[in-house]
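Chemist: quick one, fold the following:
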Amino acid sequence: MSHATTMHAVEPAESPLTPESWGKLGMWIFLAGDAMTFGSLLAGYGALRAGSLDWPDPTKVLGINLTALMTFLLICSSVTMVKGLSAIRHGDQKGMRNFLLLTALGGAIFLGLQAYEWTHLMTGEHKVLFTTFGGQKSLFGATFYAITGFHGAHVTGGVIYLLVVAMRGMRGKYSAENYNGVEIAGLYWHFVDLVWILVFTFIYLIPNPA
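Modeler: Below you'll find the predicted structure:
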């Protein structure tokens, strides 16, 4: 009996969900749903491309060099996001704010380059693919704008989100003991960056079969 009582006493108690863990759980649930949305868009793109006999070759139509630069910017912004979280974990509020602002700046430059890309595609030598509706070729433009535009909306939301977190940091809302809000923002931003790598690979880099 005493042995059973001792065994029962050393069993670890289940810790209840705290407000911090609720925030992370909510973000993970949101990201899981968003991942399925992006997955569906990319799957639809792949199905349309596989079923088309005259699908344009993305490597010849899209600006790979510009988009590679955009991808590099997002990867760098993920690094600054990690640096910002590491800074606040060590109690460096100024470092956190600076790195978060750099992350938001990287996202803003990405959006500016995407706007330039869209403008160029609408007016350049391949503009018929991106301005004409009807026929198989227009599906290329429609899916391109749908997927990259949806991702661009996420980047826009992420930039606003990061600026809000940075402003809260300027007011001393975060510290070495309370950095959950920065960590949750980091989850969102890393997701946005990861999705873009998939979009870049599927939309820009995979050439049509010879």
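
Chemist: so which bits of stretch 113-127 are buried?
Modeler: Neighbour counts using 16 or more other C-beta atoms under 10 Å place 113-114, 117-118, 120-121, 126 of stretch 113-127 among the buried residues. The way it works is simple: take the backbone N, C-alpha and C, and place the C-beta from them, glycine included.

Chemist: next one: stretch 52-61
Modeler: For stretch 52-61, the buried set under the neighbour-count rule, 16+ other C-beta under 10 Å, comprises 55-56, 58, 61.

Chemist: and stretch 156-176, C-alpha only, in CSV?
Modeler: Output of stretch 156-176 as CSV, limited to C-alpha atoms (Å, rounded to 0.1, in the frame of the first residue of the first chain):
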residue,chain,number,x,y,z
THR,A,156,1.8,42.6,-45.9
GLY,A,157,0.0,41.3,-42.8
GLY,A,158,3.3,40.1,-41.4
VAL,A,159,5.0,43.5,-41.9
ILE,A,160,2.1,45.2,-40.0
TYR,A,161,2.2,42.5,-37.4
LEU,A,162,6.0,43.0,-36.8
LEU,A,163,5.6,46.8,-36.6
VAL,A,164,3.0,46.4,-34.0
VAL,A,165,5.2,44.0,-32.0
ALA,A,166,8.1,46.4,-32.4
MET,A,167,6.0,49.3,-31.1
ARG,A,168,4.9,47.3,-28.1
GLY,A,169,8.6,46.5,-27.5
MET,A,170,9.4,50.2,-27.5
ARG,A,171,6.9,50.6,-24.7
GLY,A,172,8.6,47.9,-22.7
LYS,A,173,6.0,45.2,-23.1
TYR,A,174,8.6,42.5,-23.6
SER,A,175,11.5,41.3,-21.4
ALA,A,176,13.7,38.3,-20.8
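
Chemist: which residues touch residue 83?
Modeler: Remark: with contacts taken as C-beta atoms under 8 Å, 6 or more residues apart in numbering, residue 83 is in contact with 95, 99.

Chemist: what about the helices in this protein?
Modeler: Taking DSSP state H as the criterion, the chain carries its helices at 2-9, 19-50, 58-61, 64-89, 93-123, 127-131, 136-170, 180-199.

Chemist: what is the mean pLDDT for the longest one?
Modeler: Meaning helix 136-170. Regarding helix 136-170, the rounded mean pLDDT is 90.

Chemist: any weak-confidence spans in the chain?
Modeler: Under the criterion of pLDDT under 70, the regions of the chain flagged as low confidence span 1-20, 124-137, 209-210.

Chemist: just to revisit the earlier point, nearest to residue 206, of the helices of the chain?
Modeler: helix 58-61 (7.1 Å; C-beta to C-beta).

Chemist: just give me how far the closest one sits from the chain centre.
Modeler: Shown here is helix 58-61, whose average C-alpha point lies 24 Å from the average C-alpha point of the whole chain (C-alpha atoms, centre = their mean, to the nearest Å).
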